[in-house]
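Colleague: make a model of this:
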Amino acid sequence: MPSPSFIHLRVHSEYSLVNGIVRIKPLVKAARAAGMPALALTDQCNMFAMVKFYKAALAAGIKPIMGADLWLFEDENHGQLSRLVLLCQNRAGYLNLSRLITRAYREGQHRGMATLRRVWLEGGSDGLIALSGGRQGDVGQQLVNGRPEQAARLLADWQRLFPDRYYLELQRTGRENEELYIQQAVTLAGQAGVPVVATNDVHFLKPDDFEAHEVRVCIHDGRTLDDKRRAKHYSNQQYLRSPEEMAALFSDLPEALENTVEIAKRCNLPLTLGKYVLPDFPIPAGMTEDEYFRHRAAEGLKDRLRVLFDPA
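Modeller: As a prediction, the model looks like this:
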């Protein structure tokens with residue numbers, strides 16, 4: 001069997017409720033038909049589809065890679081948002097990503113979106129591989145805006161947070177400033193000794209699905225397809241390209257293709273399915289389980305009433 005030439009590492013399913021329409025079983029079927037030995041699922045700030053995707057991929061003989069496509073809230077840049085993709089290398093990475101996503105929903109709400117803070121990654125990046133988010137990442141935004149020094153500074157900090165686990169992401173999907181970004185990103189990667197990786201930021205399976213995808217986006221944004229004022233962030237090229245198509249697209253940057261395979265090799269997340277793991281609550285001596293939980297419920301009610309009626 002020939003060695004794989006490309007692995008999709010950024011794919012959004014219908015569980016990306018904002019902007020994805022790919023269903024899990026057709027996705028896995030298409031990947032298998034294309035001869036892909038591995039595939040990543042990176043839904044928008046969630047891993048809702050993890051179990052379904054994991055089972056379907058293994059059943060099809062495909063290595064499942066779990067991750068998430070995240071928004072990063074930049075405190076130092078007036079709250080500007082940028083992209084960051086995190087992939088689980090192992091169980092430690094899965095647990096860290098789970099904590100980060102939970103914290104994003106609980107503490108990082110910004111204009112209706114769950115967002116990360118860079119400081120949360122301090123001590124919480126073990127077992128995770130980071131993709132820069134392309135031109136929408138913080139490094140990419142600085143490069144596109146003509147600020148290479150700031151881009152280099154941000155890149156150095158990412159290298160500190162993700163030693164040997166941070167990749168500058170490249171995309172060619174026909175969207176604005178992609179080639180400008182790629183030229184500068186490749187130069188910066190060479191200067192900093194950082195690897196590059198190609199993705200297609202997949203949101204639908206086939207080019208013909210683009211209009212259905214745009215309908216999904218319009219529903220979320222409260223817009224109509226013919227609204228001339230609506231922002232258009234996607235193109236009809238964000239489909240599940242075959243490895244051959246990606247090889248042709250990045251023939252001038254073969255290392256960006258090779259690194260998709262290397263990343264896939266580095267990601268190995270074993271999951272135990274079908275087994276319930278419930279918390280173990282120690283019961284004080286002399287009490288039954290029923291008595292203890294009745295006692296805890298009563299204490300909780302007292303505390304709640306105290307807060308409501310005696311806030312001081």
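Colleague: can you dump the C-alpha coordinates of the longest helix along the chain into CSV?
Modeller: Longest helix in the chain, counting residues (DSSP state H): helix 289-309. Coordinates of each C-alpha in helix 289-309 appear next as CSV, following Å, rounded to 0.1, in the frame of the first residue of the first chain:
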residue,chain,number,x,y,z
GLU,A,289,-26.1,6.6,50.8
ASP,A,290,-29.8,7.7,50.9
GLU,A,291,-29.3,9.5,54.2
TYR,A,292,-26.1,11.2,53.1
PHE,A,293,-27.6,12.6,49.9
ARG,A,294,-30.7,13.8,51.7
HIS,A,295,-28.4,15.6,54.2
ARG,A,296,-26.4,17.2,51.4
ALA,A,297,-29.5,18.3,49.6
ALA,A,298,-30.9,19.9,52.8
GLU,A,299,-27.6,21.7,53.5
GLY,A,300,-27.6,23.0,49.9
LEU,A,301,-31.1,24.3,50.2
LYS,A,302,-30.3,26.1,53.4
ASP,A,303,-27.3,27.7,51.8
ARG,A,304,-29.4,28.8,48.8
LEU,A,305,-32.1,30.3,51.0
ARG,A,306,-29.5,32.1,53.0
VAL,A,307,-28.1,33.7,49.9
LEU,A,308,-31.5,34.7,48.6
PHE,A,309,-32.9,36.2,51.9
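Colleague: just the strands from the stretch 101-250 of the chain, written as ranges.
Modeller: Shown for the stretch 101-250 of the chain, the strands assigned by DSSP state E, counting those that start in this stretch span residues 109-110, 113-117, 128-131, 166-170, 196-198.
Colleague: point out where this protein drops to low pLDDT.
Modeller: By pLDDT under 70, the weakly predicted segments of the chain are 1-2, 76-78, 310-312.
Colleague: which stretches of the stretch 151-300 of the chain form helices?
Modeller: Ranges of helices within the stretch 151-300 of the chain are 178-192, 210-221, 243-249, 254-266, 289-309, based on DSSP state H, counting those that start in this stretch.
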